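# Would you be able to build a 3D model of this:
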Amino acid sequence: MATITFADRATEMRALAMMLGRSSGRVLETGEHLVSKAAMTALAEHNISFTVEGNSAMTSHSNHSHFEVTYAGRVQGVGFRYTARHIAERFAVTGYVENLHDGRVHLVVEGQADVVRHYLDAVQDELGRYIQSVHSTPREATGAFRDFRIRPS
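Residues are numbered from 1 along each chain as shown. I've put the predicted structure just below:
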């Protein structure tokens, strides 16, 4: 369990409505909410912003990073997603990889900043022969992912 807060009352109400039945959390006297990691994951999957307080694996640390990366080239039909997931098993990273309808591959990865960097380098090293261009965007780490998955096309 972790304590979370919301930026405003409207976001809080939307989150509470979404969490009904998913959490045995409780509201503290301070107005903070004590919720499970599963509930935090559900909030993140529904793009509901929150701040984690206290000791939780979901807590975003300053040395954690999150990147959204789009690969273009001959990246579909060559095992790119499966290789990216296999590489992720060697690193302490979470996120997902998916094919896009326009022929590119979209990858989202989170973890310790240096581990994420090494993971992305390993993807480039192993799959570079298929990649023509890479567009990488850093984002704030959310801690929303429990593992690294392939999303269905």
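
# where do the helices sit along this structure?
Counting by DSSP state H, the segments of the chain that form helices are 9-19, 37-45, 80-88, 113-127.

# Of those, which shows the lowest average pLDDT?
Ranked by mean pLDDT, the helices of the chain bottom out at helix 37-45, with a mean of 64.

# Quick check: can you list the domain ranges of this protein?
Domain ranges of the chain: 2-53, 64-150, per automatic domain parsing.

# what ranges do the strands span in this structure?
2-5, 26-27, 33-35, 51-53, 64-73, 93-99, 105-112, 131-139, 148-150 (DSSP state E).

# Distance to residue 120, mean neighbour count and mean pLDDT for those - can I get that in CSV?
Glycine gets a C-beta too; all of them are placed from N, C-alpha and C. Output for those, formatted as CSV (distance: least, Cβ to Cβ, whole Å; neighbours: other Cβ atoms under 10 Å; pLDDT from 0 to 100):
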stretch, distance to residue 120, mean neighbour count, mean pLDDT
strand 2-5, 28, 19, 61
strand 26-27, 40, 11, 58
strand 33-35, 31, 22, 60
strand 51-53, 25, 15, 58
strand 64-73, 7, 19, 93
strand 93-99, 9, 20, 96
strand 105-112, 7, 22, 94
strand 131-139, 8, 12, 91
strand 148-150, 13, 18, 96
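
# what's the closest of those to residue 80?
Judged by Cβ to Cβ, the one of these that comes nearest to residue 80 is strand 105-112, at 5.3 Å.

# what sits up against that closest one?
Residues from elsewhere that reach strand 105-112 (Cβ atoms under 8 Å, 6 or more residues apart in numbering): 63-71, 75-76, 80-81, 84, 88, 91-100, 116, 119-120, 123, 141-145, 148.

# Name every strand pairing with it and say which way it goes.
Partners of strand 105-112 in the sheet, by DSSP bridges, are strand 64-73 (antiparallel), strand 93-99 (antiparallel).
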